[in-house]
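Q: Here's a sequence, model it:
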Amino acid sequence: MRKRLEDHAGLAVLVALLALIGLLAGVSWVVIILLLVAMLFLHELGHYVTARMTGMKVTEFFIGFGPRLWSFRRGETEYGIKAVWVGAYVRIAGMSSLEPEDPVDESRSFRRQSYPRKLLVLTAGSAMHFVIALVLLFVLLMIDGRLSVGRAEQPEEVAEWALSTVSVDSAASAAGLQPGDELVSVNGVGRTTFGDFSRQVRQLAGEEVEVVYLRDGSTHTTVTRIGERLTARGAAGIVGLIEGDRILAVDGLQSDGAPTYAQLAGYAGRRLGQPIDITIVDTRTGRPVVVEGAIVNELVDPSNGVMGFFGVSADYHHPGLGVVGAAGESVRLLAATVRDVVFAIPTIVTDGFGGTLDGLGGGDPVEGPAQSVRELEVRRLDTSHPDENRILSIYGVARIGAEAASDGASDVLLLIMYVNVFLGVFNLLPLLPLDGGHVVVATYERIRSIGGRSHQVDAARLLPLTYAVVALLLLVGGVALVRDILDPVSFG
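A: Numbers count the residues shown, from 1 in each chain. As a prediction, the model looks like this:
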């Protein structure tokens, strides 16, 4: 009775913690966490099912590591949940020579099985990740065929598109545009591809234009002024601002609406080198922020300092593929994604750890408050410190997933698909304690056993290497977690 109460108490704590995360961070965080846990569960389920199919004895099946929160026993296997959700495991009897087994169960131990059976069990976890990715791709292609567009053309060159998002404090929001609207013409230029539309808008900074759009089948006409965002050259002359920022207000500068770069030049031209407060829309977060103590050191011609900004993103119209088309395309895309991950792993190993550490270093001395406020974003735009070259922790993945949830379920499923492919490939790396390391050991034992003499590797001799790999993974994971907390990842 006491054990049962303890089990229920641990489960209650877990449910309460998830509820607290939902209240503080949002339901999307809980959904992403549960999706990641389900992914770990399915990985281990692959090992579990194949082990049972081949007659091996499975003694434990747990989600998480550390203290046990809740468990139950069915037959010879204990199932449950532990406190630290950074992985999962299935314990199969006799995985190595270090695990003594009851002579009665020795015939059912992993080490006594044939090489094909060992290989089946060891690769089942990664195979499960690839199956999950394949199913997710199939579902996504059935709903929306845009994933397949990349074979023939860039999405921004597709003629059929509607508004996906409308930025705050933008020309589009001032015009009253909403997601789902379709532009008919802007400044007299008829509907075109989103790429051409973007190039057109960049040349219209500060100009008042007529916008014609469709909403629910009805045509509407409005007038708005194209906004401005700083170019790299324009931002270079203002300490604290970066390329892509949009200026909303300048301390001491009176303006009807957001001041233009020309107005800023006229005002700040008399205060070069002096700190001023500038309110901008941060290019990374899309939210207004005050950059205190920004310093204007150099002003350029407005035609070079800013480019036009309308404030919309595109939602491309691509009907879902049929069953046959989605099946074939999902296989092709999975193969391409696996190939990309395989070739990316050397870069992740060589550059990713260094890039992750760079985010924790002090870097160059901070020049002032404005530079301090913008330091992380400057590093994000610096090609020598790209976010895509850093290693993500589970928290980082969950954060991206929670943000992607705001754009719809498709983006979340696509993220989970990529994570599954990466884990499937990563687990096959030939390093213990990864599945690929066990495959190498089993293969070596099989080769050494050719000729009739059974050979078994002394697992004790492999422990130092195993501990070294585990320590490295923990170190990298810890550094990535700290980096993801202090400097949240952004892919634009």
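
Q: what about the closest residue to V331 other than its chain neighbours, which helix or strand?
A: Closest residue to V331 apart from its sequence neighbours, by C-beta to C-beta, 6 or more residues apart in numbering: L134 at 7.0 Å. For the C-beta atoms, the positions are set from N, CA and C on the backbone; glycine is no exception. Per DSSP states H and E: L134 is located in helix 115-143.

Q: Kindly report the same for L69.
A: L69 belongs to strand 58-74, assigned by DSSP H and E.

Q: Show me what whatever helix or strand comes next after that strand is packed against.
A: With elements assigned by DSSP H and E, the helix or strand that comes after strand 58-74 is strand 77-92. Under the contact definition 3 or more C-beta pairs under 8 Å, 6 or more residues apart in numbering; DSSP states H and E, strand 77-92 sits against helix 2-25, helix 27-53, strand 58-74.

Q: List of residues touching strand 77-92?
A: Strand 77-92 has contacts (C-beta atoms under 8 Å, 6 or more residues apart in numbering) with 10-11, 14, 33, 36-37, 40-41, 43-44, 47-48, 51, 56-73, 109-110, 121, 394, 477.

Q: Just the buried ones from these?
A: 10, 14, 33, 36, 40-41, 43-44, 47-48, 51, 56-58, 61-64, 68-71, 109-110, 121, 394, 477 (16 or more other C-beta atoms under 10 Å).

Q: What about the residue nearest to G308 when sequence neighbours are not counted, how many residues nearby?
A: Leaving aside its chain neighbours, G308 sits nearest to A205 (4.0 Å; criterion: C-beta to C-beta, 6+ apart). Neighbourhood size, A205 [other C-beta atoms under 10 Å]: 22.

Q: who's in contact with A205?
A: Counting by C-beta under 8 Å, 6+ apart, A205 touches I226, G227, E228, Y261, P302, V306, M307, G308, F309.

Q: Leaving out the residues flanking it, which one is nearest to G80?
A: With sequence-adjacent residues excluded and distances taken as C-beta to C-beta, 6+ apart, G80 is closest to S71, at 2.7 Å.

Q: Show the model's pLDDT score for that neighbour.
A: You'll see S71 listed with a pLDDT of 88.

Q: pretty sure it is touching F62, no?
A: Yes: counting by C-beta atoms under 8 Å, S71 touches F62, with 7.4 Å between them.

Q: And the helix holding L134, what does it pack against?
A: By 3+ C-beta pairs under 8 Å, 6+ apart, helix 115-143 packs against helix 27-53, helix 323-347, helix 409-426, helix 435-448.

Q: average pLDDT across whatever helix or strand comes next after it?
A: Downstream of helix 115-143, the first helix or strand assigned by DSSP H and E is strand 161-166. Per-residue pLDDT over strand 161-166 has a mean of 83.

Q: go on, stretch 200-219?
A: So the average pLDDT for stretch 200-219 ends up being 90.

Q: I'd like the distance from that stretch to the chain centre, please.
A: 33 Å (C-alpha atoms, centre = their mean, to the nearest Å).

Q: List the buried residues in that stretch.
A: Q200, V201, R202, L204, A205, V209, V211, Y213.

Q: nearest to S454, of the residues you listed?
A: R202 (70.9 Å; C-beta to C-beta).

Q: for the closest residue to that closest one other than its chain neighbours, phi and psi?
A: Excluding its sequence neighbours, the residue lying closest to R202 (C-beta to C-beta, 6+ apart) is M307, at 4.3 Å. When read as degrees, to the nearest 10, the backbone of M307 gives phi -130, psi 160.

Q: Tally up the residues packed near M307, please.
A: The number of residues near M307, taken as other C-beta under 10 Å, comes to 22.

Q: rewinding a little: with distance to V291 and secondary structure added, can I get the buried residues of stretch 200-219 in TSV?
A: What follows is the buried residues of stretch 200-219, written out as TSV (distance: C-beta to C-beta, whole Å; DSSP: H, G, I helix; E, B strand; the rest coil):
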residue	distance to V291	secondary structure
Q200	30	helix
V201	25	helix
R202	24	helix
L204	26	coil
A205	21	coil
V209	29	strand
V211	30	strand
Y213	33	strand
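
Q: farthest pair in these?
A: A205 and Y213, at 20.7 Å, using C-beta to C-beta across these.

Q: Flag the shaky bits of the stretch 351-492 of the chain, pLDDT-wise.
A: Residues of the stretch 351-492 of the chain meeting the criterion pLDDT under 70: 351-390, 405-408, 487-492.

Q: and what of the stretch 51-200 of the chain?
A: 101, 145-159.

Q: Quick check: chain neighbours aside, which residue is closest to D245?
A: Closest to D245 by C-beta to C-beta, 6+ apart is I280, at 4.4 Å.

Q: Spell out which helix or strand contains the one you found, please.
A: strand 275-281.

Q: Could you check how far the next helix-or-strand element following that strand is from the centre of its chain?
A: Counting by DSSP H and E, the next helix or strand C-terminal to strand 275-281 is strand 288-296. Chain-centre distance of strand 288-296: 30 Å, with C-alpha atoms, centre = their mean.

Q: And stretch 195-208, by the same measure?
A: Using C-alpha atoms, centre = their mean, the offset of stretch 195-208 from its chain centre is 31 Å.

Q: Quick one: end-to-end distance for that stretch.
A: End-to-end span of stretch 195-208 (C-alpha to C-alpha, to the nearest Å): 21 Å.
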